[in-house]
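Visitor: requesting a structural model of the entry that follows:
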Amino acid sequence: MEETLDRLLNLGVKRERKPISKVVQAKPHSPVYTMHKFWARRPYNVFAELINHYSEPGDTVLDPFCGGGVTVVESLRLRRKVVGVDVNPLATYVTEMEVRPLNIEIFWREFGKIKERLEPEFSELYKTTCPLCSGRAIFDWMEWAGDKPTKMKYICPKCGAGIKEATRDDAAIAKNIEESFERIVSERQLWYPKAAIPRGDKTSGIINDGYQYFWQLFTKRNLLALSLIYKEISEVKDREAREFLKFAFSSSLKWASKQSHLRGNIVEGWAMHAYWIYPKTLEINVWNTFHRRCVAVARGKKYSNKYIGKYYKRAESFKDLLVNRATCLILTQSSTNLPIEDESIDVVITDPPYGGNVNYGELADYWMVWLNHDKLIDKTEEIIINKSQRKDLNDYEHGLMLVFKECYRVLKKGGSLVATFNSRNLNVVASFVIAATQAGFILHPQGLLYQPPIKAYTTTFHAIFVGAFVGDFIFTFYKPVNPKVNEAPATADLNNFKECIDELIKNHVNEKITEPELREKAYKVLIPFLAAHARTDIRMCREAVNYFETQMKKLEPHFRELRKRIVEERRKIFSLKRKV
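Guide: The predicted structure follows:
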């Protein structure tokens, strides 16, 4: 009754909720998230659980680092109003396309027109010969070792699909397209990005290997194919269909470059958090890829049309949410200066950047040069650890603190800041906790929960190799109703803390426990200590972090030997499974 009265009187006060305590089995992404690549998306059902726990239908949710759009999508699906903010234009573009409705019938109609005009031409571009019937076929992908094609997956209308060795004729077709490229581009008045690849932490490697421009990341055949599709999409008259076809085109870029490769028998698009050309690259049929991505977009929009549909109403300003004219405001800007009224947000739910774990700006340039006609992303306000941008841990911590201060300002008293966070580097975790605490937030005594990852993400690489810190901690901070400087709970002093860490290591190091597993246990002691002292004694926090990392460094030989044993055991298990 009291909470309802507060809401009616708009007093800007939220009744404090107990932190979430239920561990949720993370599920694979729903179709809306498989339409377009974005890095480090968190499990949608975990965020849905957080939204349900910390808010009610009609409440307003803020995500100051909206990234791949999970908070925005799930908030709308659960009938909350939502503000999604990100400094990265690819993030807000993907997020908006995830929640916008689409007339799927018109989308396919316009796709059909493009197919009718371009498919015969693409049959020529990707033609090969069937090894079984010697008839005409096309290839779905071709593997290259340097400048020599080695093998390909062909599709024959008579014999079906198969793998064959590349022939001299296949190499000659590729060479002919390369020699004709400039002439065709000129005659057809085609466009492709000419922007130079900016030097950065994740681009320096390929620049040093001779790749100076983004267009060099594509074979001339795939660059020509992309340019042809791009032009056709630009000429589609129906605006909604045109924009979603462009979205499918953008989604295709993950598989269109030389960064694609075979991982065993699996065709892998660009999967790393860095630009990387493998010794053996894949040239994947762009038209087939575009068709597949259109199918993915249609599937995703069928899902969002059903679960969000007309509830999505685009806001021009935050006022539109306040007066219930709209349900969703997406802003491409820094979250250090939000156009939101004081104490008007019910809950902040977010997944901040983890130090330099993913260099979003550098990676997103690959897409934005296509979407924004050669315009690179302005990374000035990106919150990250990046040597090329001259941003260190202190800059990262300060940037987070400024964002959390804004979150504190706009959040109602008693409201929660809920964040997932994960880093093997305790200095990064400490900066996150210090930033939130110095902004005024208090870590709830029960506000730390470990959430295991999506099972699919622990297979293959992570299943075999040990050492990655998978899963997330879910932090629940709150904005006190009556802030006090000394509101942080009393905790043990630094010496007691060190003794506690020593005891924890002693009790577990002789067990078969990996470094990430030990860190998970230790963080449950470290994080409350940091949160308790961050506002009053930063020096003590730094000393605690350094002490723990020093103790872990002493254990490196032990963890190395343990890793070898576990990797060998897992390899044996995998080989036995393959034999079966």
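Visitor: need the strands for the stretch 301-450 of the chain, in chain order.
Guide: In the stretch 301-450 of the chain, the segments counted as strands under DSSP state E, counting those that start in this stretch are 328-332, 345-350, 411-421, 442-451.
Visitor: can you check the stretch 101-250 of the chain too?
Guide: 127-129, 136-145, 148-156, 160-165.
Visitor: the ones you listed into JSON lines, with extra columns for mean pLDDT and mean neighbour count?
Guide: The C-beta positions use only the backbone N, C-alpha and C, and glycine is treated the same way. Putting the strands of the stretch 101-250 of the chain into JSON lines (pLDDT from 0 to 100; neighbours: other CB atoms under 10 Å) gives the following:
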{"stretch": "strand 127-129", "mean pLDDT": "97", "mean neighbour count": "18"}
{"stretch": "strand 136-145", "mean pLDDT": "97", "mean neighbour count": "20"}
{"stretch": "strand 148-156", "mean pLDDT": "97", "mean neighbour count": "19"}
{"stretch": "strand 160-165", "mean pLDDT": "97", "mean neighbour count": "13"}
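Visitor: my guess is Tyr329 contacts Leu322. True?
Guide: Small correction: residue 329 is Leu, not Tyr. No: between Leu329 and Leu322 there is no contact under CB atoms under 8 Å: 10.4 Å.
Visitor: out of the strands of the stretch 101-250 of the chain, which gets nearest to Asp537?
Guide: Among the strands of the stretch 101-250 of the chain, strand 136-145 comes nearest to Asp537, with 57.9 Å by CB to CB.
Visitor: that closest one packs against which elements?
Guide: Packed against strand 136-145, as judged by 3 or more CB pairs under 8 Å, 6 or more residues apart in numbering; DSSP states H and E, are the following elements: strand 127-129, strand 148-156, helix 168-188, strand 280-284.
Visitor: now those in JSON lines, with distance to Ile20?
Guide: JSON lines is the format used below for those (distance: least, CB to CB, whole Å):
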{"stretch": "strand 127-129", "distance to Ile20": "55"}
{"stretch": "strand 148-156", "distance to Ile20": "46"}
{"stretch": "helix 168-188", "distance to Ile20": "55"}
{"stretch": "strand 280-284", "distance to Ile20": "42"}
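Visitor: between Leu329 and Leu322, point out the one with more neighbours.
Guide: Leu329 (23 against 16; other CB atoms under 10 Å).
Visitor: what's the spacing between the more buried one and Met368?
Guide: 22 Å (CB to CB, to the nearest Å).
Visitor: also Leu102?
Guide: Separation of Leu102 from Met368 (CB to CB) stands at 22 Å.
Visitor: mind listing what the nearest residue to Pro131 once chain neighbours are set aside touches?
Guide: Closest residue to Pro131 apart from its sequence neighbours, by CB to CB, 6 or more residues apart in numbering: Lys164 at 4.6 Å. Taking CB atoms under 8 Å, 6 or more residues apart in numbering as the criterion, Lys164 is in contact with 128, 131, 151-152, 154.
Visitor: buried ones in stretch 327-345?
Guide: If you call a residue buried by 16 or more other CB atoms under 10 Å, then stretch 327-345 has these buried ones: 327-332, 334-336, 338, 340, 343-345.
Visitor: which stretches of this structure aren't confidently modelled?
Guide: Scanning the chain for pLDDT under 70 picks out the ranges 1-16, 454-470, 485-492, 570-580.
Visitor: can you spell out the domain ranges of it, please?
Guide: Here the domain assignment for the chain is 2-89+308-361+377-480, 104-295, 492-580, based on automatic domain parsing.
Visitor: how near is the residue nearest to Asp140 when sequence neighbours are not counted to Cys133?
Guide: Spatial nearest neighbour of Asp140, excluding adjacent residues (CB to CB, 6+ apart): Lys153 at 4.5 Å. Per CB to CB, Lys153 is found 16 Å from Cys133.
Visitor: do Arg242 as well
Guide: Look at Arg242 and Cys133: by CB to CB, they are 40 Å apart.
Visitor: likewise Ser75?
Guide: Here the criterion is CB to CB. By it, Ser75 lies 55 Å from Cys133.
Visitor: between the two, tell me which one has more neighbours.
Guide: When Ser75 and Cys133 are compared for neighbours, Ser75 comes out ahead with 29 against 12, by other CB under 10 Å.
Visitor: correct me, but the more buried one touches Thr95?
Guide: No: between Ser75 and Thr95 there is no contact under CB under 8 Å: 11.2 Å.
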